[in-house]
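Undergrad: The following comprises the amino acid sequence and a computationally predicted model.
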Amino acid sequence: GNSVTQMEGPVTLSEEAFLTINCTYTATGYPSLFWYVQYPGEGLQLLLKATKADDKGSNKGFEATYRKETTSFHLEKGSVQVSDSAVYFCALSGSGGYNKLIFGAGTRLAVHP
Amino acid sequence: EAGVAQSPRYKIIEKRQSVAFWCNPISGHATLYWYQQILGQGPKLLIQFQNNGVVDDSQLPKDRFSAERLKGVDSTLKIQPAKLEDSAVYLCASSLHDRGGGNTIYFGEGSWLTVV
């Protein structure tokens, strides 16, 4: 079945450091890929998405490229801020049948001044 | 545009008691989801509705969990009787379309359940 694997956290960075959170997936067909973010005490918010191979999703300085050849969708940001501290979830939605999200376990990011 | 509304935000109950969570999706969204998020894990789909019909409840523990979506709008998720391992955040979500990938799914803030 479909699944998502994320790098384990926590990831601890200093402000303005470069961020990479790895995400790989297993899926049949052509899934859509998502990154969601969860700030403390809040619900999940869509950060970015990509619906086909080689698409790049971007939002708020974050980027991720859909790499079908490596089945990856790594999240990157060039310069993190303290306000980026949150839990990040990689997710996929299958290409056939009813739309639903399958999530990875999440990666906690802590950014220090 | 109003988001997905959930209530209550927080609930503490004793094991073997019952609890119900309510969800109001974004207006016009045909698809409604209930996810369970255990601390330190990613959300897991419990049940998915398309209008008022169930399209996926394969991971719903049907001996204790039930959900309904009357009239294809609001939904209620019930747990009876609760177990300690049901302590989690219950997330309701909705989306505009049903089939195919790429459709954005919007989440509520969640209902935090603690079973003691």
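TA: Sure thing, it's come through.
Undergrad: mind listing what's buried in stretch A:26-36?
TA: Going by neighbour count (16 or more other CB atoms under 10 Å in any protein chain shown), the buried part of stretch A:26-36 is A:Ala27, A:Pro31, A:Ser32, A:Leu33, A:Phe34, A:Trp35, A:Tyr36. From N, CA and C alone the C-beta is placed, and that goes for glycine too.
Undergrad: contact partners of the helix or strand hosting the fifth one?
TA: Following DSSP states H and E, one finds A:Phe34 within strand A:32-38. Around strand A:32-38, the neighbours that count as contacts under CB atoms under 8 Å, 6 or more residues apart in numbering or on different chains are A:23, A:25, A:44-52, A:57, A:62, A:64, A:66, A:73, A:75, A:86-93, A:95, A:101, A:103, A:106, B:101-102, B:107.
Undergrad: Closest to B:Glu14 out of the buried residues of stretch A:26-36?
TA: The nearest member of those to B:Glu14, counting by CB to CB, is A:Tyr36 at 32.5 Å.
Undergrad: ok, back up a step: pull out the buried members of the contacts of strand A:32-38.
TA: Among those, those buried by neighbour count (16+ other CB under 10 Å) are A:23, A:25, A:44, A:46-51, A:57, A:62, A:64, A:66, A:73, A:75, A:86-93, A:95, A:101, A:103, A:106, B:101-102, B:107.
Undergrad: residues near the closest residue to B:Ile26 other than its chain neighbours, how many?
TA: Spatial nearest neighbour of B:Ile26, excluding adjacent residues (CB to CB, 6 or more residues apart in numbering or on different chains): B:Ser94 at 5.1 Å. Look at B:Ser94: counted by other CB atoms under 10 Å in any protein chain shown, it has 23 neighbours.
Undergrad: For B:Ser94, which three-state class applies?
TA: Assigned by DSSP: H, G, I helix; E, B strand; the rest coil, the conformation of B:Ser94 is strand.
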